[in-house]
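**Student:** Build the 3D model from these lines:
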Amino acid sequence: MLLIFVADDQSPRLLYILNEILFKRLQITYTVTNNYDYFMRSHMPKINYSNSYIPNCVNIPAYTLLYQENILKIEIEVTANEKFQFTFFNIPFDFSKLIEAPKQQITFDIFSASFYLLSRYEEYIVPKFDIHQRFKAEESLAYKHHFLQLPLVDIWAMELGNIIQKQYPEINYTLSEYHEIHSFDIDFAYKYKGLSKFRFYKKALGNMLRFNFSELIKMFDQSLKDEYDTYDFIFENLQKQQAASIFFFLVAEKTGQHDKNLLPTSPDYQQLIKHISSKFPIGVHPSYHASTIKPMLQNETNVLSKISNQPIENSRFHFLKFKLPNSYKNLIESNILNDYSMAYANKIGFRASTCKGFNFYNLSENKATSLQVFSPCIMDVTLKNFEAFTPNEAIFAIEKMKQAVKNVNGTFISIWHNSNLSNTAEWKDWKAVWLKMIAK
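**Tutor:** Have a look, this model is predicted:
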């Protein structure tokens, strides 16, 4: 048990980040006090979280962020650091009056910096969006200062655990075990199978006008397997590697420019959903506009629940399109427990600078929520279309990201699409990338 001294009253932000860093990441229990005399008399292992240095305990300087209630634009200076990789909110203590040099102390506010990253504070401050109204990776602190591919919050937490243990050898911290989750977004259940007559013949006409006779053969030859029907291959290899997965289903009520899957009324699609949900955890893949329209989100969740005959607790937004805090607030009010959208579409890496699940903190309401957020760090489309990696380059990048996650005993989460494991020319050789990724 740690005793933590704070110079101010306890705040929701402070209690949230102490729970995320000390309890959830290090499995260290703690209690908080602002009674200086009590703190000084105590013989418990101690952390001083204030701007006045106290000898014989772990000292962490306190920035004002955790005691604020509003959202302010903050000028942040990021500094390279040998032990912590990168730091900000650097506030050196005044050691001029000390007889001897301090032992275990940190020169930056690790709690405020972690809160800034986990709460996605920067996504609330006049953010710049892309054409899909998504927060741009290029606007993030992590991208600008070259730590997007580091789970920085988890690195900080582990180093804090080391410092606490050096000061108090009787305190043992415990990291979680390394895990992998290889998830799938079902944006196109099948290429042609299950299409309505109108959509089928519309595609056929398009292929005729382009003189694409090979595609016409695929459409009308019933003996050929649908190109996007890669499910047996996926199931067989996930089972072979004993790999965990979650399948997210796009069940938009109508098709549109960005929602082109089979309708949830399709018998073929319903059969597929039932089949997969009997084997793996599933989640809703809210359609393009459902991220901002709560009734649409709730309807799609209910539709998937009815088809699968199970409650829907997991979600990942289509196009990774969501806006804080409203999209997450809508998930909570739709009884979603876990979200897997915290990633960038055009850059690999850790959007919230963590590879461990964390509770969403609603900055607008200044309170912690029950929604658990998980951060995928790679996606097939990101690797191929945005990062422009060759298959071999993608394998190297994946291994690098895996190692970053292994270093802090986190959870490596990938996003793939069944349609991109097909034999189409565009995705030729990418099956090998997926197989290499899931291999033990």
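
**Student:** Quick check, central residue of this structure?
**Tutor:** Among the residues of the chain, the one closest to the centroid is Ser375, at 1.4 Å (C-alpha atoms, centre = their mean).

**Student:** what's the distance between the nearest residue to Pro61 once chain neighbours are set aside and Phe84?
**Tutor:** With C-beta to C-beta, 6 or more residues apart in numbering as the criterion, Pro61 has its nearest non-adjacent residue at 3.8 Å, and that residue is Ile91. All C-beta atoms are positioned from the backbone trio N, CA, C, and that covers glycine. Distance from Ile91 to Phe84, counting by C-beta to C-beta, to the nearest Å: 14 Å.

**Student:** the more surrounded of the two?
**Tutor:** A direct count of neighbours by other C-beta atoms under 10 Å for Ile91 and Phe84 places Phe84 higher, at 19 against 14.

**Student:** pLDDT below threshold where in the chain?
**Tutor:** Where the chain drops to pLDDT under 70, the residues are 93-104, 197, 200-201, 204, 206-208, 213, 216-217, 219, 221, 223.

**Student:** domain parsing for it?
**Tutor:** 2-167, 179-438 (automatic domain parsing).

**Student:** Helices of the stretch 301-440 of the chain, start to end?
**Tutor:** Using DSSP state H, counting those that start in this stretch, the helices of the stretch 301-440 of the chain run over residues 326-333, 380-381, 391-406, 430-438.

**Student:** ok so, going back, right, and the domains of the chain - which one's nearest Tyr173?
**Tutor:** Nearest of the domains of the chain to Tyr173, taken as C-beta to C-beta: domain 2-167 at 3.8 Å.

**Student:** for that closest one, the distance to its chain's centre please.
**Tutor:** Its chain's C-alpha centre and that of domain 2-167 lie 21 Å apart, by C-alpha atoms, centre = their mean, to the nearest Å.

**Student:** Straight-line length of it, end to end?
**Tutor:** Its start and end residues considered, domain 2-167 measures 12 Å (C-alpha to C-alpha, to the nearest Å).

**Student:** Same check on stretch 64-74?
**Tutor:** End-to-end distance for stretch 64-74: 11 Å, by C-alpha to C-alpha.

**Student:** Repeat that for stretch 165-180.
**Tutor:** Taking C-alpha to C-alpha as the measure, stretch 165-180 stretches 29 Å from start to finish.

**Student:** Next: stretch 181-199.
**Tutor:** Distance between the boundary residues of stretch 181-199 (C-alpha to C-alpha) amounts to 34 Å.

**Student:** Flag every buried residue along that stretch.
**Tutor:** 181-195 (16 or more other C-beta atoms under 10 Å).

**Student:** which one of those is nearest Ile413?
**Tutor:** Nearest to Ile413 among those is Ile181, at 4.7 Å by C-beta to C-beta.

**Student:** and the helix or strand encompassing the closest one, what does it pack onto?
**Tutor:** Assigned by DSSP states H and E, Ile181 falls within strand 179-186. Secondary-structure packing of strand 179-186 (3 or more C-beta pairs under 8 Å, 6 or more residues apart in numbering; DSSP states H and E): strand 247-249, strand 411-417, helix 430-438.

**Student:** Which neighbouring elements make contact with the second one?
**Tutor:** It refers to strand 411-417. For strand 411-417, the packing partners by 3+ C-beta pairs under 8 Å, 6+ apart are strand 179-186, strand 378-379, helix 380-381, helix 391-406.

**Student:** ranking the ones you listed by burial, who's on top?
**Tutor:** strand 378-379 (a mean of 24; mean count of other C-beta atoms under 10 Å).

**Student:** Which residues does that one contact?
**Tutor:** Outside strand 378-379, the residues that touch it by C-beta atoms under 8 Å, 6 or more residues apart in numbering are 343, 345, 348, 397-398, 401, 414-416.

**Student:** Check the offset of it from the chain's centre.
**Tutor:** Using C-alpha atoms, centre = their mean, the offset of strand 378-379 from its chain centre is 11 Å.

**Student:** Sheet partners, orientation included, of that strand?
**Tutor:** Pairing partners of strand 378-379, with direction, according to DSSP bridges: strand 411-417 (parallel).

**Student:** if we look at the partner strand, which residues are touching it?
**Tutor:** Residues contacting strand 411-417 (C-beta under 8 Å, 6+ apart): 176, 178-188, 316, 340, 343, 355-357, 374-381, 398, 401-402, 405-406, 434, 437.

**Student:** at 7 Å what do you get?
**Tutor:** Residues from elsewhere that reach strand 411-417 (C-beta atoms under 7 Å, 6 or more residues apart in numbering): 179-185, 187, 340, 343, 355-356, 374-380, 401-402, 405, 434, 437.

**Student:** coming back round to it: which of the contacts of strand 378-379 lies closest to Asp226?
**Tutor:** Nearest to Asp226 out of the contacts of strand 378-379 is Trp416 (C-beta to C-beta; 17.7 Å).

**Student:** what sits against the residue lying closest to Ser52 once chain neighbours are set aside?
**Tutor:** Spatially, and ignoring its direct neighbours in sequence, Ser52 is nearest to Ala7 (7.3 Å; C-beta to C-beta, 6+ apart). Ala7 makes contact with 34, 50, 62, according to C-beta under 7 Å, 6+ apart.

**Student:** which of the residues you listed count as buried?
**Tutor:** 50, 62.

**Student:** if you go through the stretch 151-300 of the chain in chain order, where are the helices?
**Tutor:** 152-167, 197-209, 213-220, 231-241, 267-277, 294-308.

**Student:** Same question for the last one: list its buried residues.
**Tutor:** Same thing as helix 294-308. Across helix 294-308, burial judged by 16+ other C-beta under 10 Å covers 294, 296-301, 303-305, 307-308.

**Student:** and if you look at the longest one?
**Tutor:** Neighbour-count burial for helix 152-167, with 16+ other C-beta under 10 Å as criterion, is recorded at 152-161, 163-165, 167.

**Student:** Which parts of the stretch 51-200 of the chain are strands?
**Tutor:** 58-60, 79-81, 85-87, 179-186 (DSSP state E, counting those that start in this stretch).

**Student:** what lines up beside the second one in the sheet?
**Tutor:** This points to strand 79-81. Here, using DSSP bridges, strand 79-81 pairs with strand 85-87 (antiparallel).

**Student:** Tell me which residues are up against the partner strand.
**Tutor:** If you take C-beta under 7 Å, 6+ apart as the criterion, strand 85-87 is touched by 78-81, 108, 113, 145, 147, 150, 152, 155.

**Student:** if you set the cut-off to 10 Å instead, what comes out?
**Tutor:** For strand 85-87, the external contacting residues (C-beta atoms under 10 Å, 6 or more residues apart in numbering) are 77-81, 106-110, 113, 141-142, 145-147, 150, 152, 155-156, 159, 353.

**Student:** Can you select the buried ones among these for me in PyMOL?
**Tutor:** Here is the PyMOL command that selects the buried residues among the contacts of strand 85-87 (16+ other C-beta under 10 Å):
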select buried, resi 78+106+107+108+109+110+113+141+142+145+147+150+152+155+156+159+353
